[in-house]
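# coords please:
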Amino acid sequence: MLPCHGRGRGFESRPVRTKALIISGLFYFMPFYVYIILSKKDFSYYKGYSENPLERLRQHNNKESTYTSAKIPWELVYLEELPTKREALIREKNIKKATLERIAALINHPKNIAHRFLG
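Okay, here's the model as predicted:
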């Protein structure tokens, strides 16, 4: 396998994205999402990231995630799109440290695109 930077020594990192769709001869990279879901049982929040947030929400509600299985049903309350996995993981880590006040502000922020996914 050739290194990323052409004349490197072979141990350089690979490009960040590995999945791509080809639409009309153009490459389209699938985005990553950071999400916050709200438990309707105890009104706690869970924060995570996914390439398919609606499928991930289904997994949470079908008890396919050990941590969230005792608190179903879950509702998607915040969704943010990011271009790379790295950026999504950094953002997720940042959101996991958020206070309840900051989470409420995020839910009401214009960059919350959850309403577009939920119809």
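# element containing L38?
Secondary structure from DSSP states H and E places L38 in strand 32-39.
# Can you show me the strands along this structure?
20-23, 26-29, 32-39, 45-50, 74-82 (DSSP state E).
# looking at the ones you listed, which is buried most?
Compared across the strands of the chain, strand 32-39 shows the largest average neighbour count, a mean of 23 (mean count of other C-beta atoms under 10 Å). All C-beta atoms are positioned from the backbone trio N, CA, C, and that covers glycine.
# can you give me how far it is from the chain middle?
From the chain centre to the centre of strand 32-39 is a distance of 7 Å (C-alpha atoms, centre = their mean, to the nearest Å).
# Kindly report the same for stretch 78-98.
Relative to the chain's own centre, stretch 78-98 is displaced by 6 Å; criterion: C-alpha atoms, centre = their mean.
# Pull the residues that contact it.
In this structure, residues lying in contact with stretch 78-98 by C-beta atoms under 8 Å, 6 or more residues apart in numbering are 16-17, 29, 31-36, 47-49, 53, 103, 106-107, 111-114, 116-117.
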